[in-house]
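K.L.:
Build the 3D model from these lines:
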Amino acid sequence: MSEAAKGRGRGPSGPGAKRSRGPSKAQAAWLARGLDQAGGKLPLFDPEGRRVPEKTIRACLAAGWAEPWFSNPIKPDWLVCRLTDAGRSALGEDPR
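P.N.:
Predicted coordinates:
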């Protein structure tokens, strides 16, 4: 693996791959927004009003840091998620 690829912080990918590292900066920022929300609800939009990238959400779901919460019948393509205990731990928080 090249030095450039090593520095990108990418772990294994593909089905069943487990991450050995913590969340990226973008993932951690998104996950942290669930810390003070009822039930750990994670936002659909960033602080500037843009949708959180689906790639960020799906990576957190795959790592077990977030989980789907419920389906939105009006916007079925939106992933409504909440923070998991593993997500809290990945952020250095006590998972309760």
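K.L.:
Report the contact partners of residue 67.
P.N.:
By CB atoms under 8 Å, 6 or more residues apart in numbering, the contact set of residue 67 is 61, 81-82, 84. C-beta coordinates here come from the backbone N, C-alpha and C atoms, glycine included.
K.L.:
got any ranges where the protein has weak pLDDT?
P.N.:
Counting by pLDDT under 70, the ranges of the chain that qualify are 1-20, 96.
K.L.:
what about the strands in the protein?
P.N.:
Taking DSSP state E as the test, the strands found in the chain are 66-70, 80-83.
K.L.:
list the helices and strands the last one packs on?
P.N.:
In terms of contacts (3 or more CB pairs under 8 Å, 6 or more residues apart in numbering; DSSP states H and E), strand 80-83 is packed against helix 54-63, strand 66-70.
K.L.:
that older thread, out of the strands of the chain, nearest to residue 89?
P.N.:
For residue 89, the closest of those is strand 80-83, at 10.3 Å, according to CB to CB.
K.L.:
List the buried residues in stretch 59-76.
P.N.:
Across stretch 59-76, burial judged by 16 or more other CB atoms under 10 Å covers 59-60, 62-63, 65-67.
K.L.:
can you tell me the distance between the two ends of it?
P.N.:
19 Å (CA to CA, to the nearest Å).
K.L.:
Contact partners for the closest residue to residue 59 other than its chain neighbours?
P.N.:
In this structure, residue 59 finds its nearest non-sequential neighbour in residue 27, 6.1 Å apart by CB to CB, 6 or more residues apart in numbering. Residues counted as contacts of residue 27 (CB under 8 Å, 6+ apart) are 56, 59-60, 65.
K.L.:
Check the offset of stretch 88-96 from the chain's centre.
P.N.:
On the basis of CA atoms, centre = their mean, to the nearest Å, stretch 88-96 is displaced by 13 Å from the centre of the chain it belongs to.
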